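Chemist: Okay, predicted coordinates and the sequence, questions at the end:
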Amino acid sequence: MYATSPPESVHALDPVSLAGLSFWTLRRDGVLLGCAALKQLEPGHGEVKSMRTTTAARRQGVAAALLDHVLAEARARGWARVSLETGTQDFFAPARSLYASRGFVECGPFGGYALDPHCVFMTLELQAQQVVS
């Protein structure tokens, strides 16, 4: 994160903040392709944390698969809303596009975040969506 964002806008988690997170990786033949985490902020509201895809795995559907898994887990937990923070820089444009494609819309800061010109805050109302079998 420090390579793409100003230090004051990096919201990487320290080891203490990792407690209570659910964390997933996607691998192919044992090789790490990407990771994602989900954190409960309050009852019914979670945050997508640490969505990352390796450079070699970009444009292969890894991030989409991880995000779909995280959203399915949030729904299974009965959460009404999932939010996230990402960057404003061009580097993060594919991520913002992916989130928008899943229904996320921009919102104000949530949790412990503050307004930051380098951050975009997005949220998705899960109960407003219906799962079609």
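Modeler: Received, thanks. None of the values given here were measured: they were computed from a predicted structure. Residues are numbered from 1 along each chain as shown.
Chemist: and the longest strand for the chain?
Modeler: Secondary structure assigned by DSSP state E gives strand 31-42 as the longest strand of the chain.
Chemist: and the next element down the chain from that one?
Modeler: strand 45-53 (DSSP states H and E).
Chemist: ok, then the element right after that next one?
Modeler: As assigned by DSSP H and E, the chain's next helix or strand after strand 45-53 is helix 62-76.
Chemist: quick one: buried residues of that next one?
Modeler: Residues of helix 62-76 classed as buried: 62, 63, 65, 66, 67, 70, 71, 73, 74 (neighbour count, 16 or more other Cβ atoms under 10 Å). Every residue, glycine included, has its C-beta placed from N, CA and C.
Chemist: from memory the last one sits against residue 82, does it?
Modeler: When you say that, I think you mean residue 74. Yes - using Cβ atoms under 8 Å, residue 74 is in contact with residue 82, at 4.9 Å.
Chemist: about what we covered before: which outside residues touch the longest strand of the chain?
Modeler: 13, 20-27, 46-54, 56-57, 60, 62-63, 66-67, 69-70, 73-74, 77, 79, 82-83, 110-111 (Cβ atoms under 8 Å, 6 or more residues apart in numbering).
Chemist: okay, the angle between that strand and helix 62-76?
Modeler: Per axes from the mean of the first three to the mean of the last three Cα atoms, to 10 degrees, the angle that strand 31-42 makes with helix 62-76 is 30 degrees.
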